[in-house]
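K.L.:
Need coordinates for the below:
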Amino acid sequence: MKIDAAIARGQSYRLFTACFVHGNLMHLLANCWSLSAIGPESERIFGKDRFLVYYLGSGVLAGLVTYAMRSSPYSVGASGCIFGLIGAMGAFYYANRSILGRRSQIGLDSIKRTLMLNLFYGMSARGIDNGAHIAGAICGAFMSLLLGPRLYYGGYSFGRSRVVDKPILPIIRMIRHWLEGKDMEKDPTMPPELPGFRSGGKGLGPRGGGSGQHDGPQSGSGGGFSPRRPPMR
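P.N.:
The predicted structure follows:
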């Protein structure tokens with residue numbers, strides 16, 4: 001549990017462990033359902049490493065923001081992490097709109113509906129830490145803008161335009177290359193294509209074709225729930 005007084009005494013680990021603690025079974029099930037709605041799509045787009053960084057990073061940073069603002073002395077739950085994924089997805093679709101084409105607008109519309117629905121619910125219900133939700137979404141969006149994926153056209157391969165991922169801060173890629181023993185200077189375009197996508201003349205689509213009917217997170221993802229205190233996030 002995130003307890004501001006305990007964190008002030010040096011128990012900073014609570015910013016991390018609070019992401020895995022829930023107030024009751026209903027709160028846990030609500031966050032599990034939310035994660036199942038947005039998790040598969042975001043993991044497919046970001047990859048496992050960036051997904052983990054955005055998920056846990058958003059949760060910890062959201063807790064840190066609410067601690068600094070003293071907006072919620074007690075809170076538990078993974079909603080800050082989930083809202084971080086929603087924010088990261090929104091930033092991804094916006095930053096890569098010139099490459100993704102219509103798929104980007106579909107994803108952004110879905111994320112707008114999801115955020116509005118959950119923020120409205122959070123404001124109308126008791127015991128929900130909306131500060132952690134908003135902070136998580138902002139932190140996730142900021143990390144996504146810096147760490148990617150950031151897509152650019154990188155020439156042609158077998159007659160098709162080739163899309164490469166070149167984030168502003170390629171920290172995760174550098175760590176991956178170091179762990180795999182690869183040289184970034186000799187292999188500057190790794191990964192050569194964003195996992196889960198194929199390149200084409202009118203933007204990107206999921207591998208194996210499709211019309212983009214399932215783009216973006218499903219409406220209703222994110223948001224903790226509990227009528228009791230401490231506030232859920």
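
K.L.:
Could you find the closest non-adjacent residue to Arg162?
P.N.:
Gly154 (4.8 Å; C-beta to C-beta, 6 or more residues apart in numbering). All C-beta spots, glycine's among them, are computed from the backbone N, C-alpha and C.

K.L.:
before we move on, what about Ser71?
P.N.:
Excluding the flanking residues, the one nearest Ser71 by C-beta to C-beta, 6+ apart is Gly131, at 4.2 Å.

K.L.:
OK, contacts around that neighbour?
P.N.:
Gly131 makes contact with 62, 65-66, 69, 71-72, according to C-beta atoms under 8 Å, 6 or more residues apart in numbering.

K.L.:
Kindly list the main-chain dihedrals of it?
P.N.:
Gly131 has phi and psi values of phi -60, psi -40 when expressed as degrees, to the nearest 10.

K.L.:
ok, now how distant is it from Arg44?
P.N.:
30 Å (C-beta to C-beta, to the nearest Å).

K.L.:
next one: Phe92
P.N.:
Distance, Phe92 to Arg44, using C-beta to C-beta: 11 Å.

K.L.:
Tell me, how many residues neighbour the closest residue to Pro149 other than its chain neighbours?
P.N.:
Of all residues not flanking Pro149 in the chain, Asp165 sits nearest, at 4.6 Å (C-beta to C-beta, 6+ apart). Using other C-beta atoms under 10 Å, Asp165 has 22 other residues around it.

K.L.:
Return the residues in contact with the spatially most central residue of the chain.
P.N.:
Centroid check for the chain by C-alpha atoms, centre = their mean gives Leu85 as the closest residue, at 1.8 Å. Taking C-beta under 8 Å, 6+ apart, we find Leu85 in contact with 38-39, 42, 51, 54-55, 58, 140, 217, 222.

K.L.:
Reformat these as TSV; add secondary structure and distance to Gly23.
P.N.:
Compiled in TSV, these are given as follows (DSSP: H, G, I helix; E, B strand; the rest coil; distance: C-beta to C-beta, whole Å):
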residue	secondary structure	distance to Gly23
Ile38	helix	21
Gly39	helix	21
Ser42	helix	25
Phe51	helix	25
Tyr54	helix	24
Tyr55	helix	20
Ser58	helix	19
Gly140	helix	23
Pro217	coil	24
Gly222	coil	16
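
K.L.:
Same list (those residues) but as CSV, adding neighbour count.
P.N.:
Output for the contacts of Leu85, formatted as CSV (neighbours: other C-beta atoms under 10 Å):
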residue, neighbour count
Ile38, 24
Gly39, 17
Ser42, 26
Phe51, 17
Tyr54, 28
Tyr55, 25
Ser58, 33
Gly140, 32
Pro217, 25
Gly222, 32
